[in-house]
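>>> coords please:
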Amino acid sequence: MTQVKICGICDAEAGLVAVEAGADLIGFHFCDSLRRVTPEAARAILEGLPRRPRVVGVFIDEEPARVAEIAELVGLDAIQLHGSEAPGFDASRPVMKVLKVRDGHIPDADSWPDPILLDSWSPDQRGGTGQAWDWDKARALNARRQVFFAGGLNPGNVGEVVRRYAPFGVDVSSGVESAVRVKDPGLVRAFVQAVRELG
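Prediction:
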């Protein structure tokens, strides 16, 4: 079954909506991002949830010691690395490396453990771009690895992506927002439902 990750959770309502919709994972940005939250805020959101999903912390070129400190404070299950981190990064938690697809090329995939997350490359954005890419370019890698697809996904297209590629997971943030930092409950529920309908 394709895993669903709702990323860029910024407030208690968004966390609750994601959990009630059935998300498998939720993500918090502890990096330079419009959706950045403090570790203390993330911990408070988690403490108010009726069910705890797997929790992912997103970092960009942060020192391993600081990553480990935040992971312990929040109780992170995994670390998502969105910068220029090198293989072997010691985060004290399982790592999900984000690889940027550029001109159909996926760099360094075999240097990182599963799962890996594929997103679109941008010359001026180190975090998520919210832009779709040619998912066909990941077909071979997706067949042999645990791959999360991200970038440009929304309730209107995620079902087709899951039907066509059956990725290990899908990741969304801006695609379920009504405004920056504001997760739309209807869009979150529709996104999860579109994935679940296809198994």
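>>> you'd agree A18 is in a strand?
No: A18 is assigned helix when assessed by DSSP: H, G, I helix; E, B strand; the rest coil, not a strand.
>>> Quick check, it in contact with G8.
No: judged on Cβ atoms under 8 Å, A18 makes no contact with G8 at a distance of 10.3 Å. In short, each C-beta sits where N, CA and C put it, glycine included.
>>> Mind listing the shared neighbours of those two?
Here A18 and G8 have K183 as joint contacts, going by Cβ atoms under 8 Å, 6 or more residues apart in numbering.
>>> show me what contacts the closest residue to G48 other than its chain neighbours?
Of all residues not flanking G48 in the chain, A12 sits nearest, at 5.3 Å (Cβ to Cβ, 6 or more residues apart in numbering). The contact partners of A12, by Cβ under 8 Å, 6+ apart, come to 44-45, 48.
>>> Selection in PyMOL covering whichever of those are buried, please.
This is the PyMOL syntax for the buried subset of those, where burial follows 16 or more other Cβ atoms under 10 Å:
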select buried, resi 45
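>>> Closest one to G186 out of the contacts of A12, please.
The nearest member of the contacts of A12 to G186, counting by Cβ to Cβ, is I45 at 20.3 Å.
>>> List the contacts of stretch 97-105.
Stretch 97-105 has contacts (Cβ under 8 Å, 6+ apart) with 80-82, 85, 87, 106-109, 112, 116-122, 133-134, 137-138, 150-151.
>>> just the buried members of these?
Among these, those buried by neighbour count (16+ other Cβ under 10 Å) are 80-82, 85, 106, 112, 116-121, 133, 137-138, 150-151.
>>> mean confidence score for stretch 192-199?
For stretch 192-199, mean pLDDT is 92.
>>> Buried ones in that stretch, by neighbour count?
Residues 192, 194-195 are the ones in stretch 192-199 that count as buried (16+ other Cβ under 10 Å).
>>> What about the residues you listed, which are in strands?
Here DSSP state E is the test, and the buried residues of stretch 192-199 give no hits in strands at all.
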